[in-house]
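> let me see the structure of the following:
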Amino acid sequence: MNVDETTRTFTDFFRERGHILIPGNSLISPPGDSVLFTTSGMHPLTPYLEGRPHPEGRRLVDVQRCLRTTDLEEVGDDTHLTVFEMLGSWSLGDYPGVQSLKWGYELLRDGFGISPDRLHVTVFGGDDQVGPDETSLHTWESLGVPVELTQDENWWSNGPTGPCGPDSEIFVWTGETPPRGTPTTDPGWTEVWNHVMMRYRRHDDGTLEPLTPERVDTGMGLERMLTILQGKSSVFDCDIFVPWTETIPSLWQLDDRSLRIVSDHLRSTVVVIGDGIRPSNTQRGYVLRRLIRRVLTTLWRTDPTRTLSELPTHPIEHTIDHFKQDIEVRNVRETLRNEEDRFRTLMTKGGPIVSRHRSRGNGHLTDEDYHYLHDTHGLPRDLVDLLGEPSLTQPVG
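Residues are numbered from 1 along each chain as shown. Have a look, this model is predicted:
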C-alpha cells in the first residue's frame, strides 16, 4: 500500500464503525498549552479526553501531524523522524477498550493484510496500585495473539496528574527469521499501534480515582506502518520520502546518515514553515532555526559552497500538497534563503571570535566562555560548538 491507500484504509475502517473523521490540526499546540508543538495524535483532544463534550460526537478518527524535539538527535536511524504523522481513533466514553482491541486486530489482519502469526502484544501486568489488565489480557488470548506482561512500559499518563491507565501495544515481527522471543527480548518486534484505556484520574497526592466511562485513545505511526506494509528496512525508504531521497543525492554527495538527516530536516522545515512559523531566537522559531542550521552544517562539512537555493521545487511542493498546507513554494524558498544568508554571516563573523577563545583555553571553552560569547556576541552554545569545526568557517568562493 502507498501512503494514501494506507491512510484511507485506516480512516475508512473506523468511519464504517461510526467514527467521525475530524481534520488534523497544525503543529502549533492549542492556546495555553506549555508544549511548543503538537507531539501526539491525542494532544489536541486532551480537553475532550478529560470530559468536555466534542462537537462531532464520541467516536472520532483523524490523521495528525506531530513534531518531537526530543528525537532530533536520533534522526538518521531507521525509525526516528522530526515531523511524523499519527493515525488515531478515539472513544470519548462511548465503547470500552476491549472493543478497540478487537477492531485493531481486525484492521491489521483484514485491512492491512498482516498475518496474525506476525503479531505480539504487551499488556500491563500490574503494580503496587493497580492489578493486571486482565480484560485486555483475556481479549488477546481469545484472539490467539501472544501476550507479554510488563509494568511501566504499559502504563500511560499525560503528566503527573490527570487521566491515565493501562495501554496495550501491538507489535509486528519484522525480523529476518521466523518470529521468536517477545517484544522486550527481541528487536525483530516493531511496535505499530498503541491502545490506551484511560480508566483512572491521578490526583496531586498520587491516588487514583476510577474514571467512568473509560476513554480509549489509539495511535498508529503512519511512517512506521508504511515501512512494514512496503517491506522496507527504514522509514526513509518508503514512498512518502521518495521526492526527497531521490532529489538530494542528485544535488549533493552525502553518506547515508547525512542523507537521512538532510531529507528529514528539510521536509520538516517545509511543514513547520507551512504552519506559519518563521525562524527566530526563541521557542518555535528557534526549533525551526535549529533544523535549518543542522541541514546547512551537514552540507557544509564537506563543501561550504553548497546552498539551499540549489534545491528544486518538486520535493517542497510534494510536501506542501501532502500536508494540505496553504503556502506558496516561493515563500518557503525565501525563508530558507534568508536564514541561510543569516547563518553564513554568523559563521563568518563568529568563527575568528570563537577560535581566539579556544586558543586561550588550549582548545577548550569554559561555561564562562559560553556565557560571554552569548551575551556579548550573540553566539548561542550550539552555534559555538559548530564553529569549532574548521571546515564550516572556510570562506566561500
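> what residues are up against the residue with the shortest distance to the centre of the chain?
The residue lying closest to the centre of the chain (Cα atoms, centre = their mean) is Phe84, at 4.3 Å. Residues in contact with Phe84, defined by Cβ atoms under 8 Å, 6 or more residues apart in numbering, are 65-68, 221-223. Where C-beta positions appear, they are placed from N, C-alpha and C, glycine not excepted.
> next one: Leu387
With Cβ under 8 Å, 6+ apart, Leu387 has these contacts: 347, 350-351, 354-355, 379, 393.
> now Gly221
Shown in contact with Gly221 (Cβ under 8 Å, 6+ apart): 84-87, 192.
> go again with 7 Å.
Neighbouring residues of Gly221 by Cβ atoms under 7 Å, 6 or more residues apart in numbering: 84, 86, 192.
> and what of Leu45?
Trp90.
> and what of Val235?
Counted by Cβ under 7 Å, 6+ apart, Val235 has contacts 78-79, 81, 223-224, 227.
> what about the strands in the stretch 51-200 of the chain?
Along the stretch 51-200 of the chain, counting by DSSP state E, counting those that start in this stretch, strands occupy 59-67, 83-91, 119-124, 147-150, 155-157, 162-173, 189-202.
> how about those strands, which one is nearest Gln253?
In terms of Cβ to Cβ, the element of these nearest to Gln253 is strand 83-91, at 25.3 Å.
> what about Arg278, how many residues nearby?
By other Cβ atoms under 10 Å, the residues close to Arg278 number 14.
> one more: Pro163?
Considering only other Cβ under 10 Å, Pro163 is surrounded by 23 other residues.
> next, count neighbours for the closest residue to Arg293 other than its chain neighbours.
Beyond its immediate neighbours in the sequence, the residue positioned closest to Arg293 (Cβ to Cβ, 6 or more residues apart in numbering) is Phe343, lying 5.6 Å away. When counting by other Cβ under 10 Å, one arrives at 20 neighbours for Phe343.
> Phe343 belongs to a strand, doesn't it?
No: the assignment for Phe343, made by DSSP: H, G, I helix; E, B strand; the rest coil, is helix rather than a strand.
> and the nearest residue to Thr150 once chain neighbours are set aside, how far from His203?
Nearest non-adjacent residue to Thr150, counting by Cβ to Cβ, 6+ apart: Thr122, 5.2 Å away. For Thr122, the distance to His203 equals 27 Å [Cβ to Cβ, to the nearest Å].
> between the two, which is the more surrounded one?
Comparing Thr122 with His203 by other Cβ under 10 Å, the one with more neighbours is Thr122, at 24 against 12.
> and that one, what are its bridge partners?
Counting by DSSP bridges, Thr122 is bridged to Glu148, Glu169.
> pretty sure it sits against Glu148.
Yes: look at Thr122 against Glu148 with Cβ atoms under 7 Å: they come within range, at 4.9 Å.
> quick check: which ranges of the stretch 251-397 of the chain have low pLDDT?
388-397 (pLDDT under 70).
> how about the stretch 1-150 of the chain?
In the predicted model of the stretch 1-150 of the chain, no residue satisfies pLDDT under 70.
> please enumerate the helices of it.
Assignment of helices within the stretch 1-150 of the chain using DSSP state H, counting those that start in this stretch yields the ranges 3-15, 46-49, 97-106, 134-143.
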